[in-house]
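Chemist: here is my input, please return the structure:
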Amino acid sequence: MSLTLQCCRICGAVQYPFRDVCRACLSDDLEMRVTRVTGTVVSEAVIHRSLDTAVLSEGPLRLGAVASPLGIRVLALLAPGAGAGMSVELSPCAKSPGAIIAHPAQQA
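Modeler: Here you go, the predicted model:
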């Protein structure tokens, strides 16, 4: 599982969300890289009501903030079995274009 992220060619810092310049060194020499992203769910929330009925068509929406060792935090949908304090892997969500989903990390 991997995501396409913006990375600085000068210092290597990962940008999320995308930016015009690097958050670490302010260089504008950025490139897109396919990167395996892992992290830990540091908080979670459940949305029970929405103005967009399609959002909740399959039940409550579980969201989590994921802290990655890459130095970024990502707000992601939580797959079944993923929750606060767990190690997860991030990938694009097939059901919701543009969304990211956190799956429980595979144990080695």
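
Chemist: need the contact list for residue 2.
Modeler: 34, 35, 36, 37, 91 (CB atoms under 8 Å, 6 or more residues apart in numbering). Just so you know, the C-beta spots here come from the backbone N, C-alpha and C atoms, and that holds for glycine as well.

Chemist: filter the residues you listed down to the buried ones, ChimeraX style.
Modeler: Here is the ChimeraX command that selects the buried residues among the contacts of residue 2 (16 or more other CB atoms under 10 Å):
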select :37,91
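
Chemist: sheet partners, orientation included, of the longest strand anywhere in the chain?
Modeler: Taking DSSP state E as the criterion, the chain has its longest strand at strand 37-47. Sheet pairing for strand 37-47, assigned by DSSP bridges, gives strand 61-67 (antiparallel), strand 87-92 (antiparallel).

Chemist: show me how far the shortest one is from its chain's centre.
Modeler: Centre-to-centre, strand 87-92 and its host chain are 7 Å apart (CA atoms, centre = their mean, to the nearest Å).

Chemist: show me which residues of that strand are buried.
Modeler: By 16+ other CB under 10 Å, the buried positions in strand 87-92 come out as 88, 89, 90, 91.

Chemist: quick one: the second one from residue 44, how far?
Modeler: It refers to residue 89. Separation of residue 89 from residue 44 (CB to CB, to the nearest Å) stands at 16 Å.

Chemist: spatially nearest residue to the residue nearest to the spatial centre of the chain, not counting backbone neighbours?
Modeler: Nearest residue to the geometric centre of the chain (CA atoms, centre = their mean): residue 74, 3.8 Å. Once flanking residues are discounted, residue 74 sits nearest to residue 66: 4.8 Å by CB to CB, 6 or more residues apart in numbering.

Chemist: now do the strands in the chain.
Modeler: Under DSSP E, the chain gives strands at 3-8, 14-15, 30-35, 37-47, 61-67, 73-78, 87-92, 100-104.

Chemist: reformat these as a markdown table; add distance to residue 53 and mean pLDDT.
Modeler: A markdown table is the format used below for the strands of the chain (distance: least, CB to CB, whole Å; pLDDT from 0 to 100):
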| stretch | distance to residue 53 | mean pLDDT |
| --- | --- | --- |
| strand 3-8 | 28 | 95 |
| strand 14-15 | 34 | 94 |
| strand 30-35 | 34 | 95 |
| strand 37-47 | 12 | 95 |
| strand 61-67 | 12 | 94 |
| strand 73-78 | 17 | 94 |
| strand 87-92 | 23 | 95 |
| strand 100-104 | 21 | 95 |
